[in-house]
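Novice: coords below, sequence missing:
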């Protein structure tokens, strides 16, 4: 990525000073998927806490933030005059949960309170299984098929539900995650609504009841017995596997008791169910992949043996810094590890007020700096025929999940160096090398899962305000990774809303880049609402992040909804340019299963998922933006050329042309640009000729 240094518009908040950097081309389009985070990286960072993409509540049929109008008229605007409604969706899989649920201390109290009250709050630590406990309690009262989740748009208070009583079904249970606010006040305000519907609302919130002023509707929650969670999750196993598990019970139970929460116990049981180890060695290999064992191994890695580089100046710190950098830069060339380790040592020396001892050049070979398990992985990757897992000059760790465990241990077990770690990541994130920035963003995203407020206040928020595009992109990657682990989703949505609506203009661009990096709200309309807010900022006109974000939100099943949302954006600047860019990107997409290069949106027209009128209206707008008319013509020409060789597609392209061409003026304009494309330079096919089409305003 190149760097930029444009000026913040008058009246905007000042951004931190940045080093001089060459100007970037603001008009450059963003390649599809160029900014997306790697889902494999998220899984190796968070392990059992990794939250895979889910369809629960996603794209639930509902009223979006704007009522869809005609002729691009927004009957309700996007900027908060009409509050968004909460989204309520039925939770799947509750019946299966009941079969494997492990009892907790909170169950009896929950059952008693749900029989007496319409609103109850379950308070407990993150990753303790609160969501499972809440679903199980409501299922015992209402049955597994009458359990729903309430998801609130960012900035919408829970009492908004009282204005939409019809959203609350009767004789049903509802779960709502409460990220902040007074749970007692929420219970009091919502109790009449749920009582009138003969239903129950069970709030989930991080924390513990106030012992000095405990409310009668609060129930403390603790994680269930990890061994019970594990045993309940084991599917019907062959007798040989059962004997192996029982034979190794002490080791299995020790690993389970070391877990941080039920998710890790479930992950261990799932691995045993899938791999079905029939001997102690195979079972031990699975245990070594568990998060507790990974943390043990990470601690051994970060605590070098006394005989390693004994007698050398700060040798143990050098080894520890090198191994941490090796984990942060996994799968990347080794010279980054050396550079990053040197920067980390400088930060540590600065915090300790040591003199500058210079680089540790030519003092220790890689094998001495790694040692132990990492040394074995390094040697294995250097063997002939091992190129598929890494080269001799690449930082390679055989167990991907060990990477996150090493960063985890460095943060928690060496907490005296947290400030140095954050300053180190800041230096990496502000580097001019994208490899450095991606590695820093990945580590920052993991650390934010441990201490969200501090990592954002001291590190990521400043990245998001940077005048340099590459640094803002690092912030976008970090926030996208933050959403992948633990229960941080409400905090992530709140932070994203802060960036979308705040005073820092550069944060608006960062927020768009979060969506371009692969982040999605539970509801498509919420994502499009954020992008509309960003598009309103005139500073975004030369930038392509909004269009790239819309392109990343695209899925074949939601094609019609995305086009409807774009049709609700005003035609006037500054929205028009973003719509034109988005249309160019969407119409250039090729259907993933096509063998002949069929345009994806053309396939959706064939399936009836996309209205040619809706797409034609947007495409017509692209032709009337002189900057993007040539690109709009190029993609339309490719559609015409494709249909020219596929007779069954012609009627659909003709319908699209009828929607695009509504007046003689735009017919002449479309013809002008089409005949200057490479595909149609020798003329437009007879079946698609534009003369004689509708010549009156629609």
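Specialist: On my side now, so go ahead. Since the structure is predicted, the reported quantities are computational estimates derived from the model, not experimental observations. Numbering: from 1, shown residues only.

Novice: Which neighbouring elements make contact with whichever strand or helix holds residue 531?
Specialist: In the assignment (DSSP states H and E), residue 531 maps to helix 524-535. Applying 3 or more C-beta pairs under 8 Å, 6 or more residues apart in numbering; DSSP states H and E, one finds that helix 524-535 makes contact with helix 489-501, helix 505-516, helix 545-553, helix 559-567, helix 575-587. From N, CA and C alone the C-beta is placed, and that goes for glycine too.

Novice: Pick the most deeply packed of the ones you listed.
Specialist: Counting by mean count of other C-beta atoms under 10 Å, helix 505-516 has the highest mean neighbour count of these, with a mean of 28.

Novice: average model confidence for stretch 404-415?
Specialist: Mean pLDDT, stretch 404-415: 87.

Novice: likewise stretch 182-195?
Specialist: Mean per-residue pLDDT for stretch 182-195: 94.

Novice: now stretch 562-582
Specialist: If you average the per-residue pLDDT over stretch 562-582, you get 93.

Novice: how long is it from one end to the other?
Specialist: According to C-alpha to C-alpha, to the nearest Å, stretch 562-582 extends 10 Å from its N-terminal end residue to its C-terminal end residue.

Novice: chain center to that stretch, what's the gap?
Specialist: The chain centroid and the centroid of stretch 562-582 are separated by 24 Å under C-alpha atoms, centre = their mean, to the nearest Å.

Novice: And for that stretch, what's in contact with it?
Specialist: Outside stretch 562-582, the residues within contact range by C-beta atoms under 8 Å, 6 or more residues apart in numbering are 29, 64, 66, 68-69, 72, 74, 78, 524-525, 528, 531-532, 535-538, 540-541, 544, 546-547, 550-551, 553-554, 583, 586, 610-611, 614-615, 617-618, 621-622, 625, 627-628, 632.

Novice: follow-up on the earlier one: distance to residue 289 added to the helices and strands packed on helix 524-535, as a markdown table?
Specialist: Supplementary listing: the helices and strands packed on helix 524-535 in a markdown table, determined by distance: least, C-beta to C-beta, whole Å:
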| stretch | distance to residue 289 |
| --- | --- |
| helix 489-501 | 26 |
| helix 505-516 | 31 |
| helix 545-553 | 32 |
| helix 559-567 | 40 |
| helix 575-587 | 40 |
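
Novice: I'd like to know which of those lies nearest to residue 464.
Specialist: Closest of the helices and strands packed on helix 524-535 to residue 464 is helix 505-516, at 4.1 Å (criterion: C-beta to C-beta).

Novice: Could you name the helices and strands sitting against that closest one?
Specialist: helix 461-464, helix 469-482, helix 489-501, helix 524-535, helix 545-553.

Novice: what's the closest of these to residue 258?
Specialist: Smallest distance to residue 258 across these (C-beta to C-beta): 25.1 Å, for helix 469-482.

Novice: Next, the buried residues of that closest one.
Specialist: 469-482 (16 or more other C-beta atoms under 10 Å).

Novice: and if you look at stretch 148-162?
Specialist: So stretch 148-162, judged by 16+ other C-beta under 10 Å, has buried residues 148, 149, 150, 151, 152, 153, 154, 158, 160, 161.

Novice: In strands, which of those residues appear?
Specialist: With strands defined by DSSP state E, the entries of the buried residues of stretch 148-162 inside them are 148, 149, 150, 151.

Novice: any idea how far residue 399 is from the second one?
Specialist: If I follow you right, that is residue 149. In this structure, residue 149 and residue 399 are separated by 34 Å, where distance is defined by C-beta to C-beta, to the nearest Å.

Novice: same deal with the last one?
Specialist: Separation of residue 151 from residue 399 (C-beta to C-beta): 35 Å.

Novice: How about the first one?
Specialist: Per C-beta to C-beta, residue 148 is found 39 Å from residue 399.

Novice: residue ranges with poor pLDDT in the stretch 451-600 of the chain?
Specialist: Counting by pLDDT under 70, the low-confidence segments of the stretch 451-600 of the chain come to 486.

Novice: So residue 292 is in contact with residue 264, correct?
Specialist: Yes. Using C-beta atoms under 8 Å, residue 292 is in contact with residue 264, at 7.1 Å.

Novice: Neighbour count for those two, which is higher?
Specialist: The neighbour comparison of residue 292 against residue 264 (other C-beta atoms under 10 Å) goes to residue 264, with 23 against 20.

Novice: picking that back up, now the contacts of stretch 562-582: which count as buried?
Specialist: Of the contacts of stretch 562-582, these count as buried by 16+ other C-beta under 10 Å: 64, 66, 68, 72, 74, 78, 524-525, 528, 531-532, 535-537, 540, 544, 546-547, 550-551, 553-554, 583, 586, 610-611, 614-615, 617-618, 621-622, 625, 628, 632.

Novice: where in this protein is pLDDT low?
Specialist: Under the criterion of pLDDT under 70, the regions of the chain flagged as low confidence span 1-27, 52-83, 210-214, 304-315, 351-364, 382-392, 415, 486, 691-698.

Novice: Okay, strands next: where are they in it?
Specialist: 87-90, 119-124, 147-151, 173-177, 200-206, 218-220.

Novice: tell me the angle of the fifth one relative to strand 147-151?
Specialist: Using axes from the mean of the first three to the mean of the last three C-alpha atoms, to 10 degrees, the interaxial angle of strand 200-206 with respect to strand 147-151 works out to 50 degrees.

Novice: neighbouring contacts of strand 200-206?
Specialist: If you take C-beta under 8 Å, 6+ apart as the criterion, strand 200-206 is touched by 110, 114, 117-126, 130-131, 134, 137-138, 141-142, 150, 172-179, 183, 186-187, 190, 194, 487.

Novice: Measure how it sits relative to helix 489-501, angle-wise.
Specialist: 80 degrees.

Novice: Strand 200-206: how far from the chain's middle?
Specialist: The chain centroid and the centroid of strand 200-206 are separated by 24 Å under C-alpha atoms, centre = their mean.

Novice: Can you check what angle separates it from strand 119-124?
Specialist: Orientation of strand 200-206 against strand 119-124 (the same axes, to 10 degrees) gives an angle of 30 degrees.
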